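Asks: let me see the structure of the following:
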Amino acid sequence: MKARYLLKIPARINILGNPTDANEGDYHTISAAISLFAGGVIEPAEELTFQFLKKGELDNPVDSQTARVGQIPFTPDDKFKLFKAAVSRMLRFYRPLKLQMEKAKVRIGIWTEVPRQSGLAGSSIIILIILNALKEFYDLPKTEFNDYVLAELTQRIEEIDLGVTCGFSDRYVTQMGGLAYLDYRGKLFHKNIFEEPFATYERLDAPIEEMAFIVASSGVVRESGSVHSILRGRYLLEYEKKMTYPEYTSPILEKFSEVAETAWVGKIHLLRGDLEAFGNLMNKNHRLVNEIMLYCGFPGGAGEANNLLIEAALNNGALGAKLTGAGGGGSVFALVRPKNEERVVNALRQVAEKNQLHDARLYRVNIAQKGAEVKKADK
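Replies: Numbering: from 1, shown residues only. Prediction:
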């Protein structure tokens, strides 16, 4: 009898250069895994079983559903669609897995601290938990299921199988962990796995002991793909015009190039320990994204609630503050000195209360050095 395996994986924030993670341009970002987590369990079962759990209550599911091994159908409003899409994609990608799963069925249960549709990679980490769980339980080849492949598979599951327009940072950062500089050159057109480069993942030896982040989830729910589909569509249209007519001038392309520049310049400032200059680039990144979204027809730019929270953080001593997700809703975050955390938290709380953001949540987070973790555990 195979053992029970426990899993844990961090959420992420995109600090600089987003959203150019091969979504609206194949450039680069600085991104970080943060100390906000999801986790799960995989163990033998009589039937293939999917479950939602509460943290710390692995044997008392909140909701449960069984399925047959194979291509598992789901609808857009299916609460277990992430489970089904992930398992189905794995079965197509690695054919021997079907026989293994038919012989030894499993229960996969997942819990999460990450608010729904908050722009913190909440759906990606659920899918990655499932992929890592299957890899470990069925002892799948590590050469075929390395961190890069798992991240790429997760991107295809979301974009192709679930129909969510998305790039690559959410999937790489949560799987690999830490603070990193990611290079997405060659990935603009989202080709099949192995037909384009993997992202380059460079861990940064930055002064992280001096870095503290306050994440503010506005509680305004939106589908990130609905925002990115418009931005990506507009970017690709402008890109094709530029390729056809080199003299063509595009504000969208120019602004995204400036967004990308914040990442490589920010890397220099970060490694030199200049957090003030780094924070200023965060503010520039957000200003540019706000302008791009206004230009593309979003009346509130990056989102009225987001901009109010960012303004409050900056007015109360944050080194930098910006959007981390797609905009319109989701989350923002502020880079603060550890000694100034309380002041920024209080300011954000007051703004949320004043503007009736009743579902807003505040989190003090640090960089999570580890990505996906799997360990064997006895019941």
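Asks: count the neighbours of the closest residue to Tyr138 other than its chain neighbours for me.
Replies: Spatial nearest neighbour of Tyr138, excluding adjacent residues (Cβ to Cβ, 6 or more residues apart in numbering): Gln100 at 4.9 Å. In short, each C-beta sits where N, CA and C put it, glycine included. By other Cβ atoms under 10 Å, 17 other residues sit near Gln100.
Asks: check Leu97 too.
Replies: Residues near Leu97, counting by other Cβ under 10 Å, number 18.
Asks: could you check how far it is from Glu152?
Replies: Look at Leu97 and Glu152: by Cβ to Cβ, to the nearest Å, they are 17 Å apart.
Asks: coming back round to it: and the residue nearest to Tyr138, what element?
Replies: According to DSSP states H and E, Gln100 maps onto helix 96-103.
Asks: same deal with Ala180?
Replies: Following DSSP H and E, one finds Ala180 within strand 179-183.
Asks: chain center to whatever helix or strand comes next after that strand: distance?
Replies: Going down the chain from strand 179-183, the next helix or strand is strand 200-203, by DSSP H and E. In this view, strand 200-203 has its centroid 16 Å away from the chain centroid, taken as Cα atoms, centre = their mean, to the nearest Å.
Asks: kindly report the same for stretch 354-363.
Replies: Taking Cα atoms, centre = their mean, one finds the center of stretch 354-363 at 21 Å from the center of the full chain.
Asks: all helices for the stretch 151-300 of the chain, in order.
Replies: 169-176, 224-244, 251-271, 275-295 (DSSP state H, counting those that start in this stretch).
Asks: relative to Ile30, which of these is closest?
Replies: helix 251-271 (5.2 Å; Cβ to Cβ).
Asks: now that closest one: mean pLDDT?
Replies: For helix 251-271, mean pLDDT is 97.
Asks: pretty sure Leu335 sits in a strand.
Replies: Yes - per DSSP: H, G, I helix; E, B strand; the rest coil, Leu335 lies within a strand segment.
Asks: I'd guessed it sits against Ala321; true?
Replies: Yes - using Cβ atoms under 8 Å, Leu335 is in contact with Ala321, at 7.3 Å.
Asks: of those two, which one has the most company?
Replies: Ala321 (29 against 23).
Asks: pLDDT below threshold where in the chain?
Replies: For the chain, the stretches flagged by pLDDT under 70 are 1, 207-208, 221-225, 326-329, 378-379.
Asks: let me see the domain layout of it.
Replies: Listed by automatic domain parsing, the domain ranges of the chain are 4-205, 208-365.
Asks: to Lys375, which of those lies closest?
Replies: Comparing the domains of the chain by their distance to Lys375 (Cβ to Cβ), the top pick is domain 4-205, with 5.5 Å.
Asks: next, the distance between the ends of the closest one.
Replies: Terminal residues of domain 4-205 lie 35 Å apart, using Cα to Cα, to the nearest Å.
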